[in-house]
Structure formats: C-alpha cells, structure tokens
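Student: Have a look at this prediction, sequence included:
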Amino acid sequence: RASGHEDWGIGEVLYGSVQEWVCQGRKSWRKVENFKLLLSSLPPDAARRFVFVGDTGELDQEAGEIMLEEFPSCMQALFLHV
C-alpha cells in the first residue's frame, strides 16, 4: 500500500484473459463476471451502490446494461463516453 496507508488505493483489480482478447464477444461477459466476483467479496449485509463507467468500445454498454438488469438494487448509474 502507498505511503504506509493500508486503506489507500482501489484494492484488488479484476482482469480478463487472453480469451477475451481473442474472442471480442466475451468482453461483456467477463466484465459482468468480474462484477459478480466483486459483489460476492462483500459482506452479505453490505448496502452498496455502484456506478459503471465505460465507453462505447469493448462492449461496455452491453456489460453495463446486463449489470443494471441483473443487479438493479446494486447499480446507481451507467455512464458511457461516446
């Protein structure tokens, strides 16, 4: 952690794999799966709302729409840069 601050930073970063690089259609799937992993890592009683920020490339819109549909109580907003 930075400068001795244990709670500083963004925490664990969830990446994709070579499969998503080769099979572009899997990119939205990976983003949704990573969001599910993030949710499962939180305490069950954690009331959190998330904002998904993306662009119109790499299927961010599709991933964000799936997250909004599957997890409406967890999502605050979806912002896309065009």
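Tutor: Looks like it came in fine.
Student: Give me the neighbour count for residue 33.
Tutor: 14 (other Cβ atoms under 10 Å). Where C-beta positions appear, they are placed from N, C-alpha and C, glycine not excepted.
Student: Beyond the longest helix belonging to the chain, next helix or strand please.
Tutor: Taking DSSP state H as the criterion, the chain has its longest helix at helix 27-40. Using DSSP states H and E, the helix or strand that directly follows helix 27-40 along the chain is strand 50-55.
Student: Point to the helix or strand of the protein where mean pLDDT is at its lowest.
Tutor: Sorting the helices and strands of the chain by mean pLDDT, DSSP states H and E puts helix 18-22 at the bottom, at a mean of 78.
Student: which residues touch that one?
Tutor: With contacts defined as Cβ atoms under 8 Å, 6 or more residues apart in numbering, helix 18-22 is touched by 26, 27, 29, 30.
Student: Distance to residue 67 and neighbour count for the residues you listed - can I get that in CSV?
Tutor: CSV is the format used below for these (distance: Cβ to Cβ, whole Å; neighbours: other Cβ atoms under 10 Å):
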residue, distance to residue 67, neighbour count
26, 16, 16
27, 14, 19
29, 12, 17
30, 12, 19
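Student: follow-up on the earlier one: what's the angle between the longest helix of the chain and strand 50-55?
Tutor: In terms of direction (axes from the mean of the first three to the mean of the last three Cα atoms, to 10 degrees), helix 27-40 departs from strand 50-55 by 160 degrees.
Student: So what's the gap between stretch 19-29 and the chain middle?
Tutor: 15 Å (Cα atoms, centre = their mean, to the nearest Å).
Student: dump the residue contacts of residue 75.
Tutor: Here residue 75 is in contact with 49, 50, 51, 52, 67, 68 (Cβ under 8 Å, 6+ apart).
Student: residues of the least confident helix or strand of the chain that come out buried?
Tutor: residue 20 (16 or more other Cβ atoms under 10 Å).
Student: Could you tell me how far it lies from the centre of the chain?
Tutor: 17 Å.
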